[in-house]
Structures are given as structure tokens and as C-alpha cells.
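> got a predicted structure plus its sequence, pasted below:
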Amino acid sequence: MQKGQQIAVVDGLREPRRNPIFRRLFRGYQFGVCTTREATTRALEVRRQVYVGRCGYEIPIPDAYDQRSWLLLVEHAQSGAAVGSMRVTPRWGGPLETEEYFVLPRGLRSSRVVEITRFATLHDQPGGPRFLPAVAFGLFILVGRLLERLRVEQAIVCSKPERIWTYEWLKFRRSGIRAPYGKLANSEHELLVCDLRRGSPWRQEGQEASSFRYVDAFEMDHPEIVVPDPLPGFGLVAGVAGESPAVRRSA
């Protein structure tokens, strides 16, 4: 038995006991893929507040990539406030936003590649651990489950240097390819890649033995985190105005 790992007996079988912090980490939030125009509008409003309001970037919201992407939304369950969003764009619909600034290696110029962009959170769980914010972590678990559903081979992100460690912790690997990201004030970004060809890297064994293994959170069932079946089609941003209305709870 690995050091620091507890064992539970379930139906006669012995299995690791999951860290209880993960069972309560996402309480009070709802994570999902936007399936309506209203939800999409609210996800775009979160992006606007972060990228335009907080960071001062001059980017169109929505943009052309939103027309062929899945948008993710996090809501505060009690108030209905939208507090987080993210975008997942498959390359089978056309070139990725990254390709405006990077020349992708041949292995990434595939229809089985997706790009994760526009990560945005407004606030997080009060009193929660600073190294594991609930809204951000829950978004990545949602992304992981969406990618498993899509059965893609690789996922890419572009990150500022100071945030690279977060993606490395999430099993993305640095490519060493860097470029100024024109839309985001020409700040330097590096391309990172997560290889999914052997299955989800977040569910694989071999992580450091510890009573606090983040892989437990990816393996557990969280009723707050839902990937709809079937997945919604694209085009939900059609008709979404350049300025979104006030954030309201989606139907």
C-alpha cells in the first residue's frame, strides 16, 4: 500500500479512500456546458467582465471562434450568479485561434486536436484553499470530462509564463514554442500540450503517493459537474449581441 493512502472496502473489494475535501469542494456551484443561448450569453458576460473589464484587453465578445466552440459556464447555485467560463474549440471546424500567432507542429495540425481558451473566473469559494480554488478546479474537471466524451487526441493551451505551472500541474507539457499574443496586449504566451492518446492523464496511476492526490477529484463523481448527453451543437452564439445583458440565472 502506498504511503499516506487509506484503504476502504466496498462490496468486498479494497480500493483507495478518496480525500473527503473533494466531496465538498464544489458544493454551492453548478458546472456545465452551455446548451441555450441564454446560458451562452451569460458565459460571454463573465468573459467580458474579466478580459475587458478587469484586464483591459480589446477583444471582440463574442468572436468568430465562439460560433464553432463549446462554452462552459459556472453558476453559484443559490444566487444563480454566473462566476466562471471557458471555451473549447475543436480543430475539425477550422484553424484554431492559436494559429493566428503560432505555427503548430505537424502533429497538432489534426482534426483530433482541441484548444482551450478564454479561462475566466469572477470569484471563488470564500475561505477555500488558495492553491485549489473551487471554480477554477471544477472548470478543469468539466473540461477533462468533455474531452473524454469527444475522444480527442490532444488538447492545447497558450499560457503566460507566470501561469504555466498551473497547466503543468494539470498534465500539460511545455512545447518551448513562444510568441506574442496579439489580442492579449502582445503579451508573451507559450504553447502547452496535453496528450490524450493513451486516455485521460488525470485518471492514470503513478502520481506521487499522498493523502492529497488531485487525481481523486477527477475520478470521483460530482453531481455539481455535468456534461450533457448528447452534447449541444454549435451556433448558440448566433444572435448574441456585442454587449450582453445583465447576468441572470439560466433556465
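Good, I have the coordinates. None of the values given here were measured: they were computed from a predicted structure.
> show me where the stretch 1-150 of the chain has its helices.
With helices called from DSSP state H, counting those that start in this stretch, the stretch 1-150 of the chain shows them at 21-24, 37-47, 134-150.
> check these for me and report the most buried one.
helix 37-47 (a mean of 24; mean count of other C-beta atoms under 10 Å). C-betas here are computed from N, CA, C, even on glycine.
> which helices and strands sit right next to that helix?
Secondary-structure packing of helix 37-47 (3 or more C-beta pairs under 8 Å, 6 or more residues apart in numbering; DSSP states H and E): strand 70-76, strand 82-90, strand 113-121.
> can I get the ones you listed in TSV with mean neighbour count?
Converted to TSV, the helices and strands packed on helix 37-47 look like this (neighbours: other C-beta atoms under 10 Å):
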stretch	mean neighbour count
strand 70-76	25
strand 82-90	24
strand 113-121	22
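> just to revisit the earlier point, by mean pLDDT, show me the worst of the helices of the stretch 1-150 of the chain.
With a mean of 74, helix 21-24 has the lowest mean pLDDT of the helices of the stretch 1-150 of the chain.
> need the contact list for the residue nearest the centre of the chain.
Averaging the C-alpha coordinates of the chain gives a centre point, and the residue nearest to it by C-alpha atoms, centre = their mean is residue 140 (3.8 Å). Contacts of residue 140 were listed using C-beta atoms under 8 Å, 6 or more residues apart in numbering, and they are residue 170.
> also residue 154?
Going by C-beta under 8 Å, 6+ apart, residue 154 touches 107-108, 110, 112-114, 193-197.
> now the helix or strand containing residue 165: mean pLDDT?
In the assignment (DSSP states H and E), residue 165 maps to helix 164-169. In this model, helix 164-169 has an average pLDDT of 91.
> good, wrapping up.
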